[in-house]
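Visitor: kindly generate the corresponding structure for this input.
(chains A and B)
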Amino acid sequence: DQQVKQNSPSLSVQEGRISILNCDYTNSMFDYFLWYKKYPAEGPTFLISISSIKDKNEDGRFTVFLNKSAKHLSLHIVPSQPGDSAVYFCAASGTGGTSYGKLTFGQGTILTVHP
Amino acid sequence: EADIYQTPRYLVIGTGKKITLECSQTMGHDKMYWYQQDPGMELHLIHYSYGVNSTEKGDLSSESTVSRIRTEHFPLTLESARPSHTSQYLCASSEATWTGNEQFFGPGTRLTVL
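Guide: Presented below is the predicted three-dimensional model:
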């Protein structure tokens, strides 16, 4: 039972254009969401997060949108750069009960940005 | 510089050997985690710890064991490695706060069991 899903295994965009990565979740107890970026043979690095009390959070070229009613979040990268090419993981966390402090990850989306 | 370290980065070993994957962090974090990841798949939590002498099993069953004798050190041990243990193992740490849970990851250990 996968609680966090990234249904697009891969995404290819042109440099300078917008990249949109999507993530869906099923557990309504999740109240904090994160995006990580991972290069091959390295550990994931934190990109941006959003609390369930917000619907948007922006940090430079990265913006995360949260639609709680649809249990959907998306990461927008604009403009996309070749150095953004990596695997992007969506993760979710609950701050209460037994899920406190634990992250549940999606399968990842491979982003390729072409020059 | 505050960081999280994992050794070895790569390990190729024969079936039946005992191995220990090391993880250390200099960030002073109370919470530490071990994840297992196969290519194209999500990260699966296999162990976590909320502090010294505290260890719990994660969501994915694993034959590995962990210990937390010091805050900064969280080693993972496989008593008898098997080919099914071939995977990437990622260690992470985070602060013990109620407001979200940003975890910081080490570079990972790529384990291959022949």
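Visitor: how about the strands in chain A?
Guide: Secondary structure of chain A (DSSP state E): strands located at A:4-5, A:10-14, A:19-25, A:32-38, A:45-51, A:56-59, A:62-67, A:72-77, A:86-93, A:103-105, A:109-114.
Visitor: and what of chain B?
Guide: With DSSP E as the criterion, chain B has strands spanning B:4-7, B:10-13, B:19-25, B:31-37, B:44-51, B:54-57, B:65-66, B:76-78, B:87-94, B:104-105, B:109-113.
Visitor: before we move on, the earlier item: so which of the strands of chain A is nearest B:Ser61?
Guide: Closest approach to B:Ser61 among these is made by strand A:103-105 (16.0 Å; CB to CB). Heads up, the C-betas are built off the backbone N, CA and C, glycines and all.
Visitor: which strands and helices sit next to that closest one?
Guide: Helices and strands touching strand A:103-105, by 3 or more CB pairs under 8 Å, 6 or more residues apart in numbering or on different chains; DSSP states H and E, are strand A:86-93, strand B:44-51.
Visitor: run the chain-centre distance for it.
Guide: From the chain centre to the centre of strand A:103-105 is a distance of 11 Å (CA atoms, centre = their mean, to the nearest Å).
Visitor: residues making contact with that strand?
Guide: A:3-4, A:27, A:30, A:34, A:36, A:89-93, B:33, B:35, B:42-45, B:59, B:101, B:103 (CB atoms under 8 Å, 6 or more residues apart in numbering or on different chains).
Visitor: got a ChimeraX select line for the buried ones in those?
Guide: Typed into ChimeraX, the line below selects the buried ones among the contacts of strand A:103-105, using 16 or more other CB atoms under 10 Å in any protein chain shown:
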select /A:3,4,30,34,36,89,90,91,92,93 /B:33,35,42,43,44,45,101,103
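Visitor: re the thing from before, let me have the helices and strands packed on strand A:103-105 in JSON lines, adding mean pLDDT and distance to B:Ala92 as columns.
Guide: Converted to JSON lines, the helices and strands packed on strand A:103-105 look like this (pLDDT from 0 to 100; distance: least, CB to CB, whole Å):
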{"stretch": "strand A:86-93", "mean pLDDT": "95", "distance to B:Ala92": "11"}
{"stretch": "strand B:44-51", "mean pLDDT": "92", "distance to B:Ala92": "9"}
